[in-house]
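1. turn this into a structure:
(2 chains)
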Number of protein chains: 2
Amino acid sequence: MGRTLTYPKKVSNTANRYKHRGQMGSFEFPSASIDEPLDCYLHGYVSSRIMNLARNCSDGEGLPICVATSKVDGLILSLTPNSHSYNYRSAILHGYATLVTDEEEKLWAMKLITNSVLADRWDHSRVPPDRAEMQSTVILKVKIVDGSGKIRDGGVSDERKDSGNEQVTSSVWTGVVPVWETFGTPIPSGDSKVAEVPEYINSYIASKNSQNRALAEDAVKVKLPAEEQH
Amino acid sequence: MGRTLTYPKKVSNTANRYKHRGQMGSFEFPSASIDEPLDCYLHGYVSSRIMNLARNCSDGEGLPICVATSKVDGLILSLTPNSHSYNYRSAILHGYATLVTDEEEKLWAMKLITNSVLADRWDHSRVPPDRAEMQSTVILKVKIVDGSGKIRDGGVSDERKDSGNEQVTSSVWTGVVPVWETFGTPIPSGDSKVAEVPEYINSYIASKNSQNRALAEDAVKVKLPAEEQH
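-> From the prediction side, this is the model:
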């Protein structure tokens, strides 16, 4: 279960850092894709610190927020340590967070976030949330104003001085070790009377595992001009 | 290869966000474990923005820096959306970064960081770095002044109103889907003449894969008092 560790004893009050479930989406245009303007919806407990901060910012444009994420897709093993790297995808978003007060949008965002844990999970769980759950849950909507992303893909990139050196190339193995997130065999809890793992869960796991693996392996094949950076 | 994406067109100059290879360690006490005071060493190109910023901070205690990381260990599928969660481990460190100028410490840190990509890789690649490589590479040492970590482990945690409701428990499957990082089959580059993947690489991949899987599966078994949070 959840626990918080601090190092050293004290935790700075000046820095706000949180881990919350969240998902990108557009309530106005639910079919909007990743290429279109999306908001970032975050889910949290009513009295958590970030929700209190956002509530107290509600008169302005909202609480300034930074959302960061990254995923490693491979280990780049080159001839010399300097050219070692990772294939990865990373993104940082900056925006302003406000509490979602519209009941319909709040329910929509809760469904969006639950289905981002596992596709179609909302309709297969006990819904709708009751009054107590709606009151104890707060949804933050982050309007994105700025962001950046960085991707590294492709294979090994060594300098001519090493790749043209027979002594080096005959002694050092080079290549890429693809890295991806694997979903394992579901472990049932004691509470449910449903004995078999349902098909929508097994098929989600199977399709994510093959997608994740293909993405990491395909990233190695990407070729870009030689002048691109490591 | 590396490329930077921005959204929208402009990237804010007020926010500094980077992805750099790094590793925790102690140059003074190299055998220090995770329970002892460690510094965070970051690796980067001499003219990258973070290195320029740190260089210009060298008269004070250093460049204030925040390092964040997290890992998902499982999907928590409970009876009701509100109790859905993730098993995860996350950490945030705050500290002050200065450039490592001592040549011996710099080499030590470069070896530490290279071996964090893959164990023992330093001694199996073309070393030592030549003069040009030493000059083009900067190592930042972050003295940690504050930090926090958060772990969520264990199984599903539902409220009595749902776990005691026969209609709910007979229709919703609950449990944990363990999640871990998998290292795939190494994909060789064309440059090296070493045909076989060396044993130290294959054994690293095999041992990481079984460790990662065991960690995600064992996290589900952790039992903590009922009053702990979701």
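
2. pretty sure A:Asp191 contacts B:Asp158?
-> Yes: under the criterion of C-beta atoms under 8 Å, A:Asp191 makes contact with B:Asp158 at 6.0 Å. (Each C-beta comes from the backbone N, C-alpha and C, glycine too.)

3. identify the contacts common to those two.
-> Common contacts of A:Asp191 and B:Asp158, defined by C-beta atoms under 8 Å, 6 or more residues apart in numbering or on different chains, comprise B:79, B:174.

4. neighbour count: these two, which is higher?
-> B:Asp158 (23 against 20; other C-beta atoms under 10 Å in any protein chain shown).

5. state the pLDDT value of that one.
-> You'll see B:Asp158 listed with a pLDDT of 95.

6. quick one: contacts for it?
-> A:191, B:78-80, B:83, B:174.

7. name the residues of the lengthiest helix in chain A that are buried.
-> Scanning chain A for the helix with the most residues, using DSSP state H, yields helix A:199-221. For helix A:199-221, a neighbour-count test (16 or more other C-beta atoms under 10 Å in any protein chain shown) marks A:201, A:204-205, A:208-209, A:212-213, A:215-217, A:219-220 as buried.

8. with adjacent residues omitted, what lies nearest to the residue positioned nearest the centre of chain A?
-> For chain A, the residue nearest the mean C-alpha position is A:Thr69 (5.3 Å; C-alpha atoms, centre = their mean). Closest residue to A:Thr69 apart from its sequence neighbours, by C-beta to C-beta, 6 or more residues apart in numbering or on different chains: A:Ala91 at 5.6 Å.

9. check A:Cys57 too.
-> What sits nearest to A:Cys57 in space, not counting adjacent residues and going by C-beta to C-beta, 6+ apart, is A:Leu63, at 4.2 Å.

10. what do you get for A:Asn212?
-> Closest to A:Asn212 by C-beta to C-beta, 6+ apart is A:Trp180, at 4.0 Å.

11. helix/strand/coil for A:Lys111?
-> helix (DSSP: H, G, I helix; E, B strand; the rest coil).

12. that one against A:Asp120, yeah?
-> No: using C-beta under 8 Å, A:Lys111 makes no contact with A:Asp120, being 10.3 Å away.

13. so those two - more neighbours on which side?
-> More neighbours surround A:Lys111 than the other of A:Lys111 and A:Asp120, with 19 against 14 (other C-beta under 10 Å).

14. strands of chain A, residue ranges please.
-> Along chain A, counting by DSSP state E, strands occupy A:2-7, A:21-25, A:39-45, A:63-77, A:85-99, A:137-152, A:175-183, A:187-188.

15. what's the most buried one of the ones you listed?
-> strand A:175-183 (a mean of 23; mean count of other C-beta atoms under 10 Å in any protein chain shown).

16. same for it, what does it pack against?
-> strand A:63-77, strand A:85-99, helix A:199-221, strand B:175-183, strand B:187-188, helix B:199-221 (3 or more C-beta pairs under 8 Å, 6 or more residues apart in numbering or on different chains; DSSP states H and E).

17. for A:Ile205, what are its contacts?
-> Here A:Ile205 is in contact with A:183, A:186, B:177 (C-beta under 8 Å, 6+ apart).

18. what residues are bridge-paired with the last one?
-> Meaning B:Val177. Taking DSSP bridges as the rule, B:Val177 bridges to B:Leu75.

19. and if you look at the one 4 residues further on?
-> On the basis of DSSP bridges, B:Glu181 is bridged to A:Glu181.

20. distance check, it against B:Val72.
-> Distance, B:Glu181 to B:Val72, using C-beta to C-beta, to the nearest Å: 9 Å.

21. identify the contacts common to the two.
-> A:Glu181.

22. backbone phi and psi for A:Ile34, please?
-> phi -60, psi -20 (degrees, to the nearest 10).

23. need the pLDDT of the residue nearest to it when sequence neighbours are not counted.
-> Take A:Ile34 and drop its neighbours on the chain: the residue closest to it by C-beta to C-beta, 6+ apart is A:Met24, 7.4 Å away. On the pLDDT scale, A:Met24 is placed at 94.

24. which residues touch A:Met24?
-> A:34, A:38-41.

25. by how many degrees do the longest helix of chain A and strand A:175-183 diverge?
-> Calculated by axes from the mean of the first three to the mean of the last three C-alpha atoms, to 10 degrees, helix A:199-221 forms an angle of 170 degrees with strand A:175-183.

26. quick check: angle from helix A:199-221 to strand A:137-152?
-> Using the same axes, to 10 degrees: helix A:199-221 against strand A:137-152 is 30 degrees.

27. what is the mean pLDDT for helix A:199-221?
-> 98.

28. just the angle for that helix relative to strand A:63-77, thanks.
-> Using the same axes, to 10 degrees: helix A:199-221 against strand A:63-77 is 60 degrees.

29. just the CA trace of helix A:199-221, in CSV.
-> Written as CSV, here are the backbone C-alpha positions of helix A:199-221 (Å, rounded to 0.1, in the frame of the first residue of the first chain):
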residue,chain,number,x,y,z
GLU,A,199,-11.3,-11.7,-22.0
TYR,A,200,-11.0,-7.9,-22.2
ILE,A,201,-8.2,-8.0,-19.7
ASN,A,202,-6.3,-10.9,-21.3
SER,A,203,-6.6,-9.3,-24.8
TYR,A,204,-5.5,-5.9,-23.5
ILE,A,205,-2.4,-7.5,-21.9
ALA,A,206,-1.6,-9.5,-25.1
SER,A,207,-2.0,-6.5,-27.4
LYS,A,208,-0.1,-4.1,-25.2
ASN,A,209,2.8,-6.5,-24.8
SER,A,210,3.1,-7.0,-28.6
GLN,A,211,2.7,-3.3,-29.3
ASN,A,212,5.3,-2.3,-26.7
ARG,A,213,7.8,-4.9,-28.0
ALA,A,214,7.3,-3.8,-31.6
LEU,A,215,7.8,-0.2,-30.7
ALA,A,216,11.1,-0.8,-29.0
GLU,A,217,12.4,-3.1,-31.8
ASP,A,218,11.1,-0.8,-34.6
ALA,A,219,12.8,2.2,-33.0
VAL,A,220,16.2,0.6,-33.7
LYS,A,221,15.4,0.6,-37.4
